[in-house]
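Colleague: next input, structure requested:
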Amino acid sequence: MENKPMLRLSALISCLKVTELVLDNCKSSNGEIEGLNDSFKELEFLSMANVQLTSLAKLPTLSKLRKLELSDNIISGGLEVLAERCPNLTYLNLSGNKIKDLGTVEALQNLKNLKSLDLFNCEITNLEDYRDSIFDLLQQITYLDGFDQEDNEAPDSEDDDDEGKFLK
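Modeller: Just a heads-up that it's a prediction; the model follows:
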């Protein structure tokens with residue numbers, strides 16, 4: 001019985017050191033992943049692809065997070081929480097979600113460090129002048145769906161320079 005508090009402390013210490021976390025294909029319950037909370041203070045990369053997320057309302061505050069993968073979920077709005085809880089995002093992948101209009105994406109204007117946004121396979125990509133509209137709306141981004149405004153491909157994430165470090 002005396003080991004229980006030690007196990008909890010050990011788990012907490014582990015959370016404090018984690019910088020990358022991949023939770024792809026885990027199923028969310030009521031819009032959250034059990035165990036994902038504010039204790040992951042050092043987290044810089046989080047992937048929650050295909051976890052059936054419908055909302056980001058229960059996303060914990062992850063102030064060091066720079067890269068967030070949320071592809072193939074059911075998110076249709078509520079993106080304003082990202083600026084509040086993950087203010088240092090440089091890369092955001094929302095491909096394969098239920099994002100339909102520019103009004104939804106407008107909330108990302110408050111992510112001042114955002115450089116790369118992926119909306120591939122979202123309904124919004126069917127809008128006329130989709131790319132120009134997104135680049136006009138989110139002037140801080142350099143890459144949309146893996147390409148810049150001149151259709152140059154984004155560098156690989158293996159690049160050693162800081163700019164390309166978290167770009168796909």
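
Colleague: and stretch 83-95, what's buried?
Modeller: Within stretch 83-95, the residues that count as buried by 16 or more other CB atoms under 10 Å are 83, 85-87, 89-95. Just so you know, the C-beta spots here come from the backbone N, C-alpha and C atoms, and that holds for glycine as well.

Colleague: repeat for stretch 137-147
Modeller: Of the residues in stretch 137-147, those buried by neighbour count under the rule 16+ other CB under 10 Å are 138, 141-146.

Colleague: what does stretch 40-58 give?
Modeller: By 16+ other CB under 10 Å, the buried positions in stretch 40-58 come out as 40, 43-51, 53-56.

Colleague: secondary structure class of the residue positioned nearest the centre of the chain, three-state.
Modeller: Nearest to the geometric centre of the chain sits L68, at 2.5 Å (CA atoms, centre = their mean). For L68, the assignment made with DSSP: H, G, I helix; E, B strand; the rest coil gives strand.

Colleague: isn't it right next to P87, touching?
Modeller: No - between L68 and P87 there is no contact under CB atoms under 8 Å: 11.8 Å.

Colleague: tell me how far the closest residue in space to C86 that isn't next to it in sequence lies from L59.
Modeller: The shortest distance from C86 to any non-neighbouring residue, by CB to CB, 6 or more residues apart in numbering, is to L65 (4.5 Å). Separation of L65 from L59 (CB to CB, to the nearest Å) stands at 9 Å.

Colleague: and for those two, which residues touch both?
Modeller: C86 (CB atoms under 8 Å, 6 or more residues apart in numbering).

Colleague: doesn't D132 lie inside a helix?
Modeller: Yes - if the criterion is three-state DSSP, then D132 is within a helix.

Colleague: neighbours of it, how many?
Modeller: Applying other CB atoms under 10 Å, we find 11 residues neighbouring D132.

Colleague: mind listing what it touches?
Modeller: Taking CB under 8 Å, 6+ apart as the test, D132 contacts no residue whatsoever.

Colleague: same check on A57?
Modeller: Counting by CB under 8 Å, 6+ apart, A57 has contacts 31, 78, 81.

Colleague: residue contacts, the second one?
Modeller: Under the criterion of CB under 8 Å, 6+ apart, the neighbours of G78 are 55-57, 107.

Colleague: do the same with the last one
Modeller: The contact partners of V81, by CB under 8 Å, 6+ apart, come to 56-57, 59.

Colleague: tell me which of those residues fall in helices.
Modeller: Cross-referencing the contacts of V81 against helices under DSSP state H gives no overlap.

Colleague: still on that earlier bit, closest to T19 among the contacts of G78?
Modeller: L56 (20.8 Å; CB to CB).

Colleague: good, we can wrap up now.
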